[in-house]
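>>> Here is a sequence with its predicted model. Questions after.
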Amino acid sequence: MSSSNNSNNENPIQSIKEMTAKATSSLPSLSLKTIVKTTVSKTNTMLSTLEHTKYTMDQNIHGFFSSRIRPLLTQMSHYGKRCIVLYQKREYYGPQIVSGSAAAVSSIVYLRRGRLPAIVSGGVTGVGVYTGIYGLPKFV
């Protein structure tokens, strides 16, 4: 036994060559053409899977957008146009807007804080809304 260990220890390069020869002889021989075919096939399969997943996601998003979001945007556009028309006519309804805004704010504050804060906040709101509708007076 010690003689076989000595022979392996004395010539390690020879033993490495023998181990390499045994390892490479057990592998199947693959040509470059086979490797390229396999790589192309696996890549095409992966790309096909990714494309199918993206298409499915796009269809789900498009379905959600067309069924849920588009009607909401249509309604928002309609009401937005109505708000613009009302905003352009705000000076015609100035007293109603000022008094309604002051009354709404003061009633909410009255329920939460009491009479005096409601009067003050209603007055401040009325002045703010009046300024927003008619603008600041021009003093010459």
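Cool, the structure landed.

>>> From now on I want contacts and neighbour counts done on CA atoms only, so please keep to that.
Fine.

>>> Which secondary structure element of the protein has the lowest mean pLDDT?
helix 2-10 (a mean of 50; mean pLDDT, DSSP states H and E).

>>> How many neighbouring residues does residue 66 have?
11 (other C-alpha atoms under 10 Å).

>>> what about the helix or strand containing residue 45, average pLDDT?
Following DSSP states H and E, one finds residue 45 within helix 32-64. What helix 32-64 shows for mean pLDDT is 86.

>>> so how far is the helix or strand following it off the chain centroid?
Downstream of helix 32-64, the first helix or strand assigned by DSSP H and E is helix 70-88. Once both centres are worked out by C-alpha atoms, centre = their mean, to the nearest Å, helix 70-88 turns out to sit 25 Å from its chain's centre.

>>> quick one, helix 70-88 and helix 32-64 angle?
Inter-element angle recorded for helix 70-88 and helix 32-64: 50 degrees (by axes from the mean of the first three to the mean of the last three C-alpha atoms, to 10 degrees).

>>> can you pull the contacts of the residue nearest the centre of the chain?
The chain has residue 61 as the residue nearest its centroid, 12.4 Å off, counting by C-alpha atoms, centre = their mean. Not one residue lies near residue 61 by C-alpha atoms under 8 Å, 6 or more residues apart in numbering.

>>> how close does it get to residue 125?
44 Å (C-alpha to C-alpha, to the nearest Å).

>>> residue contacts, residue 105?
The contact partners of residue 105, by C-alpha under 8 Å, 6+ apart, come to 118, 121-122, 125.
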